[in-house]
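Everything below, folded, please.
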Amino acid sequence: MSVKKKKVVSRPKRTIQSEWFPEADPTLEAMPNPWKALGETVLETELRLFCRAARWAYNALRQGRSREDLKIQGQDLHGLNSRYVDEAIQWATEILASQKERLPGQIADLEEKIARTEKKRSKAERLERALGGYDSRLKKLRKDHDELVAHQKAGTVPPAIFGGRKAFEERCQGKISRAEWRARRRNRLICRGDKTKNGNPHLRIFVDDTGHFRLEAALSHLVDKGKNAPRIGGGLFVPPKYRQDLHFAVLDGSPYTVEILRGEDGRYRAHITIEVDVAVLAVRVGPKALGVDLNPDRTSLVETDASGNAIDRRTVLHPELEHARRNKRDVRIGEIAAEIVEWACACRAGLVLENLSFTQGRLDTDKRFNRMASQFAYRRLQAAILRQAMERGVEVVLVPAAYSSAEGVLKYARDRGMSDHEAVAYVLARRGLAGRKHGRMPRERVTASVRARIMELVRDLTNHRREVKAKLLNSEPSDQERLKNRIRTVGRWIGRLAKWQQLNHGGRAWFV
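Next up is the predicted model:
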């Protein structure tokens, strides 16, 4: 008789960013240490050996070697105990799994870029423009695409660069020294949590007699196998808003994962991952909803009732997200997410967000757009909102983003006195309510108004095109190319509006 295994439900986790201040111990520094390099402290030696073991495990796993053999052999090669070696192998395994997961998306992004570049090249060829830049770009994109496809067929992945590709390129160009490059490749120490070992066996956190947090790291390279490793300790600064959760986790003996990172400034950061409880879902989408439109410089919110009518709206400005450094941007993203979730709790309305695509295929040769699109952390902002909502018990519904901008501008922006971004947020809120079937939405009236608006736009554009054509007949030769481009642009807009109306309003009542 087979016994069913109990399904383990993983609890959500939270990562706390803190700073560790290790205290120098002359006794540990004076111990015989064959692994220690010149000028290193014992803690820096432990970090170097751990990162070296991770790189070795990564290359061995790519060759198909088993994890059990690596765990035994790694202890003698790198001077670490079995747990640290196992953590290094686990880190390498996660990197490999991440590369395999990202490989199909990278291939799809390259195919999209190749198709876009080929379209631009054909247009430039018709206009008899220079094609050298397009040819070189296509050659590079196709070469990268063929390499990734070959890896996918062989079941392998491209080699990873420990220390970062940007730093590697800077080292190849001589912009950073050899010591700086090596420092970026030996700056990490990880140990996962273990409930049977009082939370974490090698990177242990506890509260001292004064009520402050302390962290102790085991230095396994200083002892032989089977013996307890000496520890180096120091104070641990934890942000005040996370101290209570971490205190409960430490006292309860819950497992917590610690990752120590040594920065370029020599300071040690500790990323502590603990398990948290999920709040009871108290705020749902329906009978009210709060639509959220995320943009690089602002976030617009619109609250709607059960019938889809706008009750209130608000815009949160954040122009600094486009140019701020990453740490400052992450802080601002957390503040924006907290403000959005706080308003959702106050008005008792669930959140409705766009189901955005985070692929890199949309990035092209437009430097300004690439800089804006890559720096604006769509994923980070959405993840921060989801995390805050989960902690506060607010429901979040993701709806399709297709045509939300066009719908908002054409249907509601002018009639309801909304900005374009607020109109998009209004569309998202109504889509969220429609998915939950709360209330009765006005369909035919809205559809008729949209048709009238589209007809008005087409009529205005058609009259404008006639005016430009009349100017073209009596224009100077130097202005003819500009006027022809204007006529083609207006014609494309008329075609897009006609196609959009046919797809969304062709003989049926289309509802946002």
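
host element of the residue nearest the centre of the chain?
The chain has Arg379 as the residue nearest its centroid, 3.8 Å off, counting by C-alpha atoms, centre = their mean. Here Arg379 is covered by helix 378-392, with elements defined by DSSP states H and E.

So for that helix, mean pLDDT?
Helix 378-392 carries an average pLDDT of 86.

Would you indicate which residues of that helix are buried?
Using 16 or more other C-beta atoms under 10 Å as the burial criterion, the residues of helix 378-392 that qualify are 380-382, 384-392. Every C-beta, even on glycine, is put in place using the N, C-alpha and C of the backbone.

export these to a markdown table and tack on distance to Pro12?
Converted to a markdown table, these look like this (distance: C-beta to C-beta, whole Å):
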| residue | distance to Pro12 |
| --- | --- |
| Arg380 | 17 |
| Leu381 | 19 |
| Gln382 | 16 |
| Ala384 | 14 |
| Ile385 | 15 |
| Leu386 | 10 |
| Arg387 | 8 |
| Gln388 | 12 |
| Ala389 | 12 |
| Met390 | 6 |
| Glu391 | 9 |
| Arg392 | 13 |
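
which strands and helices sit next to the helix holding Arg379?
Identification of packing neighbours for helix 378-392 by 3 or more C-beta pairs under 8 Å, 6 or more residues apart in numbering; DSSP states H and E yields strand 289-294, helix 326-347, strand 350-354, strand 396-399.

quick one: which of the ones you listed is nearest Ala270?
When these are compared by C-beta to C-beta, helix 326-347 sits nearest Ala270, at 15.8 Å.

Can you point out the buried residues in stretch 18-38?
So stretch 18-38, judged by 16+ other C-beta under 10 Å, has buried residues 18, 20, 22, 25, 28, 33, 36.

And stretch 260-278, by the same measure?
Residues 260-262, 268, 270, 272-275 are the ones in stretch 260-278 that count as buried (16+ other C-beta under 10 Å).

Can you pick out the most distant pair from those residues?
Within the buried residues of stretch 260-278 (distances taken as C-beta to C-beta), the two that end up farthest apart are Arg262 and Glu275, at 26.4 Å.

tell me which element Arg214 falls in.
Per DSSP H and E, Arg214 falls inside strand 213-218.

what's in contact with that strand?
18, 20, 22, 43, 46, 81, 189, 201-208, 229-238, 243, 246, 250, 258, 260, 270 (C-beta atoms under 8 Å, 6 or more residues apart in numbering).

Show me which of those are buried.
18, 20, 22, 43, 46, 81, 189, 202-205, 229-234, 236, 238, 243, 246, 250, 258, 260, 270.

how about low-confidence regions in the stretch 51-200 of the chain?
Nowhere does the stretch 51-200 of the chain drop to pLDDT under 70.

can you give me the helices for it?
According to DSSP state H, counting those that start in this stretch, the stretch 51-200 of the chain carries its helices in the segments 67-78, 82-126, 132-154, 165-172, 178-185.

Counting by contacts, list what the longest one packs against.
Using 3+ C-beta pairs under 8 Å, 6+ apart as the contact criterion, the secondary-structure elements in contact with helix 82-126 are helix 42-62, helix 67-78, helix 132-154, strand 188-191.
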